[in-house]
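In: A structural model of the following input is requested.
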Amino acid sequence: FKRWRKETMKKGLFLVLLTIFMMVTIHPLKAHAAETNGWTKRADLPEERIGASVGVVDGKIYVFGGASQQSKFNDSTYMYDPNTDLWTEKASMPGERTGAAYATVGKKIYVIGGLTDTTKTVHKTIDVYDTELDQWTEEPIKMPEKFIYTSYINGSLRAVTVGEKIYIIASLSSSQVNFYAYDTGSGEWESLDNSQLTPRQGRSISEINGKLYIAGGEANVSRANDKDILEYDMTLGKWQRLKNVQLNSFAYESAYVTYNHKLFMIGGQRIGDRSSKLLKQVQIFDPQTSQVQDSLYEIPEGRVGSVAVIADDQLYVIGGRDYAETIGSHSVKNNFKSVISIPLKDLQKVSKDQDETKPDDGTSEEPKDQDGTKPDDGTTEEPKDQDGTKPGDGTTEEPKDQDGTKPGEESTKGILSITMINGLQKDYLLSMKEINDFLNWYKERSFGIGMNFYEINDEHNKGPFTSKKDYVVYQNILMFDIKQY
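Out: Residues are numbered from 1 along each chain as shown. Take a look at the predicted model:
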């Protein structure tokens, strides 16, 4: 009996060990990966990266350039295989690039612009990587002369692929934005409508059903940001600011992807300041329903400056940093090489009450029947046209400015008086938000951060002109004072 029991115990122990061995060998990735709130930790990057470029071909993920703790500019190319959870080094780029835009066409990945260490200015070219040959084209593609600018802030270039064309948005300065299309087949450039575009760093871009969308970001000089979403109709060749839909949160340098006709914005900072809150939310914009909703699955920890891609049925978020910094910073630490993923079927899930709850409001709208009648109520809401006009009525709903005040309605204002070193004094009647933006710029410039000049929108002294802007140079300011009323 004792002998039989020992043999039985040995067989049982053998079966347990065999089962564990099979689990590890047959499912090595599942054994390696740790899950947090639906997200799975993948193999770390070979080296930390922020401001990198990315592309996916045949299920393989390619990461180019970007900044590390040791060097703000790199020429490395890394390939990640989701099936093996392994990184492999590939052919290096012809030159170092950080903050470059990126686009994939067929088997080739285009790395566009970006900062270079040799000149401290932007690349004026596009390098093309052939994933099948693991090599770069000998001659880079030259960008149009009007695309060229002398200084670069991370996030001032964004690109998206539509067929064989690459659409590129570039913030040239604090007041000018260029919009171009590059045809990869013919090699021709086309300048497009930029009338509604405002300069933004760290925005997100998407192409959905023949239309382009941009959202988020922040202006480098004025530090203006908003939650608005802009739409470009490629048939009409015009931009418009969408009505009745906004982001749920300001978002600077979010990672972003397009899937199932929706734009996903992952993480980022609320504003481009080192005191800013890092975002863990995933904002989902659906043009069909004109809604922005938050995924039920937040990322495990806030991150900014990362990149995101889709491979097979998973969304991957790669690199970035886990602390806030000022706008344009390429700071990153070597203890953050994180790569995480989540099944797309999970990421699309949103809470049911988001459809009924107003953004930033704990209240819900009263339910209504299909004809607009409230239950047990014979009344209906008056219908409105798209522009807010009631049918048969010339009136429209009162529009609001970005600060929430109606045009002509008083908001908290003040007078900013700036005295220059030559004795000239200028007075500006501004909202307190505009004055605080100026104070933030002046403070950061005293530490050597940000642009050397500040743009002031002098609407009260524009005279017969549609607008008037003054540009104040930092070193020419002797003193300033503020009077609030």
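
In: How much space separates the spatially closest residue to Ala91 that is not a sequence neighbour from Met79?
Out: Closest residue to Ala91 apart from its sequence neighbours, by Cβ to Cβ, 6 or more residues apart in numbering: Asp134 at 5.1 Å. (Glycine included, C-beta is placed from N, CA and C.) Distance of Asp134 to Met79, given as Cβ to Cβ, to the nearest Å: 9 Å.

In: Quickly list what's touching both of these two.
Out: When contacts are counted by Cβ atoms under 8 Å, 6 or more residues apart in numbering, the set common to Asp134 and Met79 consists of Lys90.

In: higher neighbour count, the two?
Out: Using other Cβ atoms under 10 Å as the criterion, Asp134 and Met79 rank with Met79 on top: 16 against 11.

In: Which residues are in contact with that one?
Out: Lys60, Ile61, Tyr62, Val63, Trp87, Thr88, Glu89, Lys90.

In: what comes up buried for stretch 468-482?
Out: Buried residues in stretch 468-482, counted by 16 or more other Cβ atoms under 10 Å: Val472, Phe480.

In: and Leu416, what element?
Out: Assigned by DSSP states H and E, Leu416 belongs to strand 413-420.

In: First-to-last residue distance for stretch 272-279?
Out: 12 Å (Cα to Cα, to the nearest Å).

In: Dump stretch 109-119 to PDB, restricted to CA.
Out: Output in PDB follows, covering the C-alpha atoms of stretch 109-119 (Å, rounded to 0.1, in the frame of the first residue of the first chain):
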ATOM      1  CA  ILE A 109       7.400  54.000 -43.700                       C
ATOM      2  CA  TYR A 110       8.000  57.700 -44.100                       C
ATOM      3  CA  VAL A 111       9.800  59.700 -41.400                       C
ATOM      4  CA  ILE A 112       9.100  63.300 -41.900                       C
ATOM      5  CA  GLY A 113      11.000  66.400 -40.600                       C
ATOM      6  CA  GLY A 114      12.100  66.300 -37.000                       C
ATOM      7  CA  LEU A 115      14.900  67.900 -35.000                       C
ATOM      8  CA  THR A 116      18.500  67.200 -35.800                       C
ATOM      9  CA  ASP A 117      21.500  67.500 -33.500                       C
ATOM     10  CA  THR A 118      23.900  68.800 -36.100                       C
ATOM     11  CA  THR A 119      22.100  72.100 -36.800                       C
END
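
In: Report the buried residues of it.
Out: Neighbour-count burial for stretch 109-119 [16+ other Cβ under 10 Å]: Ile109, Tyr110, Val111, Ile112, Gly113, Gly114, Leu115, Thr116.

In: Looking at the last one now. What's its pLDDT?
Out: At Thr116, the model reports a pLDDT of 80.

In: I'd like the distance between the spatially closest residue to it that is not a sequence neighbour and Ile421.
Out: Setting aside the residues directly before and after it, Thr116 is nearest to His123 in space (Cβ to Cβ, 6+ apart), at 5.3 Å. Per Cβ to Cβ, His123 is found 37 Å from Ile421.

In: who's more crowded, the two?
Out: His123 (25 against 11).

In: Show the pLDDT at the more buried one.
Out: pLDDT for His123: 81.

In: Number the residues from 38 up from this point.
Out: Okay, using 38 as the starting number, the last item reads as His160.

In: what's the spacing between it and Tyr293?
Out: 22 Å.

In: what does Ser286 give?
Out: The value you get for Ser286 to Tyr293, if Cβ to Cβ is used, is 14 Å.

In: Ok, Glu84 next?
Out: Applying Cβ to Cβ to Glu84 and Tyr293 gives a distance of 23 Å.

In: before we move on, what about Thr456?
Out: Counting by Cβ to Cβ - Thr456 and Tyr293 are separated by 44 Å.

In: Show me which of these two is the more surrounded one.
Out: Taking neighbours as other Cβ under 10 Å, Thr456 and Tyr293 compare with Tyr293 leading, 25 against 14.

In: Read off the pLDDT value for that one.
Out: The model's pLDDT for Tyr293 equals 98.

In: So in that sheet, which strands flank the helix or strand harbouring it, and in what orientation?
Out: Using DSSP H and E, Tyr293 sits within strand 292-296. Within its sheet, strand 292-296 is paired with strand 299-303 (antiparallel), according to DSSP bridges.
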